[in-house]
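1. Just to be clear, the model below is a prediction. Sequence and coordinates:
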Amino acid sequence: MSTSLLSYTTRGAGAVSLVLLSAVVILGILSTQRVQGPLWPRFLTTGLHRNLALMTIVFLALHIVTAVVDPYTNLGWAAALIPFSSYYRTFWLGLGVVSFELFLAIVVTSLLRGYLGHRTWRVIHWLTYAAWPIGVVHGLGTGTDTLSAWMLAITLACIAGVAIALVWRVSSGSSDPLADARASFRREAR
Amino acid sequence: MALLDEADVLAPLPRVGPHFIDALERSGLFGRGGASFPTGTKWRAVTQRSRGDAVVVVNGSEGEPQSKKDRVLMSKRPHLILDGAFIAARVLRARRIVLYIGDRHIAARDSMLGALAQRTEPERGMVSLAAAPSRYVAGAESAAIHFINSGVATPTTVPPYPFELATLVQNVETLAHIAVLARTGAIPGTVLLTVAGGVSRQGVIEVATGTTIAEAITHAGGPIEVPRAVLVGGYFGRWMENDEAWRLPVACESGLGCGVVGILPVSRCPVCDVAAIMRYLAGESSAQCGPCFFGLRALAEGCTRIASQGSNPADLRRLQRWAVDVRGRGACKHPDGAAIFLSSALTVFAREFEQHRSDHRLRQIA
């Protein structure tokens, strides 16, 4: 395989991963707010959230494998697995490894949620708020296309999307329609 | 009768071993907390899983508003109940006994604690007291365990059922029957009933298994006026036409639940009473599952609209449909109980629900 094709694949898969990961984060936030409409049933949010997350793994694998096997980069597998062990852009590439491994932990614990229990799963799931920004910074720091207009637009759109969803989630508070009733029952039933 | 009329004597416990569970299974004893679960089956499951660490929960929470029989029994026969609990602890190799008694049942609790203070068996040291919150669902097996473990009386998902985790949750009346079985070799063959509503002598009676409801009502002095219908099993039970109820034998398979028999006199408005009970049951949802919390509230609102503004076909249709839809959709059986109660009301009081007038005074149940 030609070196340039591998390089384009790495960059393309990286950009797609960023978009997918941002979409997964936004959908995750939407699912906590129980978003729904006539054309958007609630299970669609959670279904997309889960399936896009699994799909992100595929693109991240493509992103990492093509980067490692590209003879031009000469990265080696250790650099892809051990954070901050790469000779090349040690810090920025290391952030990518950290982000990927956090994301992997989130996906694996989600698949094993039934065995872990809700509370443990929930705590680990909060790592999203580390994995996503670290991934974005990794892209900004080491991306070949970062400063091209189209990549800049994609990155900014992703950041804006997640930021808007987050602000909305924080400002609208808990959306659990049973939260108050449940809390008051629990106060009385002790 | 064996439970209520005999003196509550303090006597050495009879010797019991693992074979006692065979006797319990042969006896056909069923639980008196409401679910009529075969007691022997429960004990078999607990003993198979006990490694000397079983827990016996003496369930005297009695959260059903119309039921009094557990309180009366705890007040009159505390030693008999403790006998049953201690026998359970020995047979099931328990390390802990919890008296789970309703926090408003002060006299019953004091009676149990007074009896406990007179006991000398080693099991006395295993006993602790837990005050069950006075909420409807607090008496459910899983809610009792959740309260004892975490201090909140909310039901949890089953399975695994408590008895599959070496925990015996047993109603106080059931324990009393077990004690009689251990002492005499036979269960008393009686059932405690709480007779409520339009009868001469409201309260707790003990009748032989197989007695009809008509005979039981006669024991309670008979109806004070012409009855319109009978509520069998309390708010978790179902309404029955008089004729059907009178013939019903007091037995495990009759669906007597916790043993409440409520007589509704013709002078009362069934629609208003059913609406009030539905509002109560909706308010007793522990708000853990949407279908229960929202479903029961919607059912209560539908009943209340008919009661206060008069019958309308749209609400009637919705009630009919939702009373079926809501079943099986909660982690516990609270929505199912309320829905079955309402469905039976819509059948027995079909005429009243169709003809209810808006100028009818909204009456609260006492």
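-> Here it is on my side, so go on. Residues are numbered from 1 along each chain as shown, chains lettered A, B, ... in the order given.

2. where does the residue nearest the centre of chain A land in three-state SS?
-> The C-alpha lying nearest the average C-alpha coordinate of chain A belongs to A:Leu21 (C-alpha atoms, centre = their mean; 3.7 Å). With DSSP: H, G, I helix; E, B strand; the rest coil as the basis, A:Leu21 sits in helix.

3. Then the one 5 residues further on?
-> Classification of A:Ile26 using three-state DSSP returns helix.

4. picking that back up, and the residue nearest to the centre of chain A, what does it touch?
-> A:Thr56, A:Phe103, A:Ala131, A:Trp132, A:Gly135 (C-beta atoms under 8 Å, 6 or more residues apart in numbering or on different chains). C-beta: built from backbone N, CA, C; applies to glycine.

5. Please compute how far the helix or strand of chain B with the lowest mean pLDDT lies from its chain's middle.
-> Within chain B, no helix or strand scores below helix B:141-150, which has a mean of 91 by mean pLDDT, DSSP states H and E. Centroid separation for helix B:141-150 versus its chain: 17 Å, with C-alpha atoms, centre = their mean, to the nearest Å.

6. Show me what that helix is packed against.
-> strand B:54-60, strand B:94-102, strand B:127-132, strand B:167-171 (3 or more C-beta pairs under 8 Å, 6 or more residues apart in numbering or on different chains; DSSP states H and E).

7. Now do the buried residues in the second one.
-> Using 16 or more other C-beta atoms under 10 Å in any protein chain shown as the burial criterion, the residues of strand B:94-102 that qualify are B:Ala94, B:Arg96, B:Ile97, B:Val98, B:Leu99, B:Tyr100, B:Ile101, B:Gly102.

8. Adding distance to chain A and pLDDT as columns, could you present the residues you listed in JSON lines?
-> Below are the buried residues of strand B:94-102 laid out as JSON lines (distance: C-beta to the nearest C-beta, whole Å; pLDDT from 0 to 100):
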{"residue": "B:Ala94", "distance to chain A": "25", "pLDDT": "95"}
{"residue": "B:Arg96", "distance to chain A": "20", "pLDDT": "96"}
{"residue": "B:Ile97", "distance to chain A": "21", "pLDDT": "97"}
{"residue": "B:Val98", "distance to chain A": "16", "pLDDT": "97"}
{"residue": "B:Leu99", "distance to chain A": "17", "pLDDT": "97"}
{"residue": "B:Tyr100", "distance to chain A": "13", "pLDDT": "97"}
{"residue": "B:Ile101", "distance to chain A": "15", "pLDDT": "97"}
{"residue": "B:Gly102", "distance to chain A": "12", "pLDDT": "96"}
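
9. Can I get those residues in JSON lines including distance to B:Gly237?
-> Converted to JSON lines, the buried residues of strand B:94-102 look like this (distance: C-beta to C-beta, whole Å):
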{"residue": "B:Ala94", "distance to B:Gly237": "32"}
{"residue": "B:Arg96", "distance to B:Gly237": "32"}
{"residue": "B:Ile97", "distance to B:Gly237": "30"}
{"residue": "B:Val98", "distance to B:Gly237": "27"}
{"residue": "B:Leu99", "distance to B:Gly237": "26"}
{"residue": "B:Tyr100", "distance to B:Gly237": "22"}
{"residue": "B:Ile101", "distance to B:Gly237": "23"}
{"residue": "B:Gly102", "distance to B:Gly237": "19"}
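
10. which among those gets closest to B:Val169?
-> Proximity of the buried residues of strand B:94-102 to B:Val169 (C-beta to C-beta) peaks at B:Tyr100, which lies at 7.9 Å.

11. for the closest one, what are its contacts?
-> B:Val57, B:Val58, B:Asn59, B:Gly60, B:Ser61, B:Ala130, B:Ala132, B:Ala144, B:Phe147, B:Ile148, B:Val169.

12. rerun at 6 Å
-> Listed by C-beta atoms under 6 Å, 6 or more residues apart in numbering or on different chains, the contact set of B:Tyr100 reads B:Val57, B:Asn59, B:Ser61, B:Ala130, B:Ala132, B:Ala144.

13. Need the pLDDT of residue 14.
-> No chain specified, so I'll use chain A. At A:Gly14, the pLDDT value in this model is 95.

14. should've been chain B
-> pLDDT, read off for B:Pro14, is 91.

15. Could you do B:Met1 as well?
-> 58.

16. rewinding a little: max pairwise distance over the buried residues of strand B:94-102: which two?
-> Most distant of the buried residues of strand B:94-102, by C-beta to C-beta, are B:Ala94 and B:Gly102, 22.4 Å apart.

17. Show me the strands in chain B, by range?
-> B:54-60, B:94-102, B:127-132, B:167-171, B:190-197, B:203-208, B:227-232, B:238-240, B:260-265 (DSSP state E).

18. Point out the most buried one among those strands.
-> strand B:167-171 (a mean of 28; mean count of other C-beta atoms under 10 Å in any protein chain shown).

19. That one relative to helix B:141-150, how many degrees between them?
-> 120 degrees (axes from the mean of the first three to the mean of the last three C-alpha atoms, to 10 degrees).

20. OK, contacts around the closest residue to chain A within the stretch 151-300 of chain B?
-> Going by C-beta to the nearest C-beta, chain A is nearest to B:Ala287 of the stretch 151-300 of chain B, at 3.7 Å. Contacts for B:Ala287 (C-beta under 6 Å, 6+ apart) come out as A:Leu178, A:Ala181, A:Arg182, A:Phe185, B:Phe293.
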